[in-house]
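Chemist: 3D, please:
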Amino acid sequence: MSFNISEQTNNTYMSLNKEQQQACTRNNNPVQDEHEGNPLYTLQVYTENIAGILNQITAVFTRRQINIESLNVSPSSIKGVHKYTITAFSDEVTIQKVVKQIEKKIDVVKAHYYLNSDLFLVEVALMKIATPVMMRHPEMSRAIRHANARITEVNETFCIVVCEGTTDHILNLFHELNRFDEAILQFTRSGRIAVTRHCQEEVSKFLHERGKAIDVDDEN
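Modeler: This next block holds a predicted model:
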């Protein structure tokens, strides 16, 4: 199962006119100036593959009026355990409370929160660029190459640009290309995927200890 919701934010931004985009852009982050001062946290939630658990997790954020920036769901390296990778702007005290509330859910195995420096992470963006505009402005091609992005499709009307990296890296390229009028026809960004700097899933140790505890209870 895979799921991401960051496209909704990007589509909202793309629907604005130039003046509105500039008004809601600060520090190269569109539609995020209301989070100024709070860092972006990444939560990793390990759950059993049970229908309805997504609603239970997102409800915790809703009750605290925290906007989820991106959400990705995929199987983990542990059989039967799924991993939710969620990003949100908040302060650490609030994020700690969110993690504790999520862990109270019956089908949640374990939850953790991280800063960017704690993770190996990547996002992917797709941009549909107007070919005539790019032909008139060769500096757009240079910006794409400088960002290590790649063009995967080209025709007379549009070309498709794929960019991988951090949120800031992707948005920097977006803003660089968006300086040219009517250049970006469509834009979407995936949810974040990330692995920790530990050798194994952090939930592995917890499951191992829980398994040993169950074995002891059975013996007694």
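
Chemist: Tell me the helix or strand right after the helix or strand hosting Q186.
Modeler: For Q186, the element it lies in under DSSP states H and E is strand 184-189. Next helix or strand after strand 184-189 toward the C-terminus (DSSP H and E): strand 193-196.

Chemist: got the CA positions of that following strand in PDB?
Modeler: Extracted in PDB, the C-alpha atoms of strand 193-196 (Å, rounded to 0.1, in the frame of the first residue of the first chain):
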ATOM      1  CA  ILE A 193      10.700   8.300   2.400                       C
ATOM      2  CA  ALA A 194      13.400   7.800   5.000                       C
ATOM      3  CA  VAL A 195      15.500   5.300   6.900                       C
ATOM      4  CA  THR A 196      17.200   5.900  10.200                       C
END
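
Chemist: How far does it sit from its chain's centre?
Modeler: Distance, stretch centre to chain centre, for strand 193-196: 10 Å (C-alpha atoms, centre = their mean, to the nearest Å).

Chemist: Could you tell me the average pLDDT over it, please?
Modeler: Regarding strand 193-196, the rounded mean pLDDT is 88.

Chemist: other SSEs contacting that strand?
Modeler: strand 40-48, strand 108-114, strand 119-130 (3 or more C-beta pairs under 8 Å, 6 or more residues apart in numbering; DSSP states H and E). Every C-beta, even on glycine, is put in place using the N, C-alpha and C of the backbone.

Chemist: follow-up on the earlier one: which residues in the strand holding Q186 does the neighbour count mark as buried?
Modeler: 184, 187-189 (16 or more other C-beta atoms under 10 Å).

Chemist: okay, the residues you listed in TSV with distance to T47 next?
Modeler: TSV is the format used below for the buried residues of strand 184-189 (distance: C-beta to C-beta, whole Å):
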residue	distance to T47
I184	36
F187	31
T188	26
R189	24
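
Chemist: Need the winner for burial among the helices and strands packed on strand 193-196.
Modeler: strand 40-48 (a mean of 21; mean count of other C-beta atoms under 10 Å).

Chemist: Which elements pack onto that one?
Modeler: helix 53-63, strand 81-89, helix 92-103, strand 108-114, strand 193-196.

Chemist: Sheet partners, orientation included, of that strand?
Modeler: Paired neighbours of strand 40-48 in the sheet (DSSP bridges): strand 81-89 (antiparallel), strand 108-114 (antiparallel).
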